[in-house]
Each structure stands twice: as C-alpha cells, then as structure tokens.
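Participant: any chance you could fold what I've pasted below:
(one chain, ligands or ions: 2)
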Amino acid sequence: MESRGIKISKGVLQSDELSQYILETSVYPREPAPLKELRDATASHPRAGLATAPDAAQLLAMLLRLIDAKKTIEIGVFTGYSLLLTALTIPEDGKIVAMDINRETYDQIGLPIIKKAGVEHKIDFIESEAVPVLDKLLEHPENEGSFDFAYVDADKVNNWNYHERLLKLLKVGGLVVYDNTLCRGSVALPDELVPEPRKQRRQLAIEHNKTLAADPRIQISHASVGDGIMICRRII
Ligand code: SAM
Ligand code: CA
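Facilitator: Ligands and ions are numbered 1, 2, ... in the order given. Down below sits the predicted model:
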C-alpha cells in the first residue's frame, strides 16, 4: 500500500524480501502439515489477511511450550490458524476456550482440518462477543488465576476490556499476547501520512501499547514479528 510516497508493508518488516526470507528459511519448513493446510485453505478467502502471520504464530508456539501452557484463551478465531497452532502445541489434555462473534469461517474452513488433525477435543468454541464470555468465566472463582496463556486478536477497541479481565483469569507467570500491535509499521508514522482506513487502528494500537508499557502488573516484550505482537507476563 502506498500513501504519498510512504510504503505500508504487509507486516512490520519494511523489506518484503526479508519477510519472505524468514518465512521460507525458518517458518514454512517447520510449519505442521495441518497448519499449512489451513493456511492454504484460508488463502482464497477475501479476508485471508486476517489470519495470524505464520512467523508470529511460530513465536506463539515457542512461548506456549516454554511455559508448558495447558489452559488457554483465544479471542478472535476467524478460520482458526492461531487456534489450531495452539491446539497442536498444548498437551492432549489441554483446553482452549475460544471465542468469536461469528463461527461461520471456523465451521466452514478451520473445523474440518482441526477435526482431521485430531485436536478438536481440546477446543471449547463459544460464538459470542468476548467480554461477556470472560465475565461469565470470572463468575466462577475457581477460574481466577487458572489460565496459562491468552491470545487476543479481535476488535482492537476492546483490548483494554480484555486486558483487565485476562489479568484476573491468568496465573501469575501466565502470558497474554496481543496481535497487530505495530499496525504494519504505521504506529511510527506521522498521522498525516497514514492512509485514512488505517488511522483508527493505528491510534488504538498506539494507545494500547502505551497503556501496556505503563502497567506495573506485567512484564512486557514488544516483538516485531508478523504485524507486531506484545507479549505480556503477569507478574503480580
Ligand atoms: N486469530 C485469527 C487467526 O489466526 O486466523 C484471526 C482473528 S481475526 C483478525 C479477528 C476475529 O475477531 C474475527 O473473526 C471477528 O469475527 C472476531 N471478533 C471481532 N469482534 C469480536 C468481539 N467483540 N468478540 C469476539 N470476537 C470478535
Ligand atoms: Ca491479527
């Protein structure tokens, strides 16, 4: 995308060649076959760009393994790329509470591949706005401090509502990861150079990143993979 001579890349890296290099040398060769199948099946969807970037997903899998995540939350499923990645990574008796306002793309594209991969039993998919689902989980005191990991990739306007609830649901030492935090690099551009359709998302990302950086309850690391992910570890 070009705006008055400013190039907005597909991801964060400003060199598409370098992005491709990383994908081809380090990500695609290690991508599990069901995930590749889901990525290919999603590619022809008009909104294919919504899927989590494979290099960011690879880092998510590493994080899930490093903390031995067993009980996770997924906000924003679409066709299920990050959901399938999580299901393939956590143990056989692991559980994912996944939520999306619309399960159509999941049912049509993701679910048949997830079933074939033999990991459907780990997923509890709830078709709903995410905030009420998190509130419902919090009605049961045993859920507080019980989750290892949460991945947030939905309506950015609700990120702070998710954050407050997820910090109660996560264990101390648990992780919440937010996607699209660098908004294709537009967070670092002057507002007047940002294409109109991207302005609101960019502003939301800037505000969320700033609030996370000032939150004493978490340790953070802002990783420039995919479209940017903010990794937050609950410390108190
Ligand atoms: N993580 C997914 C993947 O790897 O393919 C991509 C998720 S996509 C970027 C965002 C999803 O969030 C959409 O499927 C949309 O329906 C869902 N969504 C939007 N607003 C939501 C809300 N308030 N609560 C739950 N899901 C929401
Ligand atoms: Ca995303």
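Participant: the strand ranked longest in the chain close to ligand 2?
Facilitator: In terms of residue count, the longest strand belonging to the chain (DSSP state E) is strand 170-179. Yes. Judged by C-beta under 5 Å from the ion, strand 170-179 and ligand 2 are in contact via residue 179. C-betas here are computed from N, CA, C, even on glycine.
Participant: C-terminal to that strand, what's the next element?
Facilitator: With elements assigned by DSSP states H and E, the helix or strand that comes after strand 170-179 is helix 196-213.
Participant: what's the angle between that following helix and strand 170-179?
Facilitator: 150 degrees (axes from the mean of the first three to the mean of the last three C-alpha atoms, to 10 degrees).
Participant: could I get the CA-only coordinates of helix 196-213 as PDB?
Facilitator: Extracted C-alpha coordinates of helix 196-213, given in PDB (Å, rounded to 0.1, in the frame of the first residue of the first chain):
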ATOM      1  CA  GLU A 196      -7.400   7.100   6.100                       C
ATOM      2  CA  PRO A 197      -8.700   3.500   6.600                       C
ATOM      3  CA  ARG A 198      -5.700   2.700   8.900                       C
ATOM      4  CA  LYS A 199      -5.900   5.800  11.100                       C
ATOM      5  CA  GLN A 200      -8.200   4.400  13.800                       C
ATOM      6  CA  ARG A 201      -6.500   1.000  14.100                       C
ATOM      7  CA  ARG A 202      -3.200   2.800  14.300                       C
ATOM      8  CA  GLN A 203      -4.400   5.200  17.100                       C
ATOM      9  CA  LEU A 204      -5.900   2.300  19.100                       C
ATOM     10  CA  ALA A 205      -2.500   0.400  18.800                       C
ATOM     11  CA  ILE A 206      -0.600   3.400  19.900                       C
ATOM     12  CA  GLU A 207      -2.800   3.900  22.900                       C
ATOM     13  CA  HIS A 208      -2.800   0.200  23.900                       C
ATOM     14  CA  ASN A 209       0.900  -0.100  23.600                       C
ATOM     15  CA  LYS A 210       1.400   3.000  25.800                       C
ATOM     16  CA  THR A 211      -1.000   1.700  28.500                       C
ATOM     17  CA  LEU A 212       0.600  -1.700  28.500                       C
ATOM     18  CA  ALA A 213       4.100  -0.200  28.800                       C
END
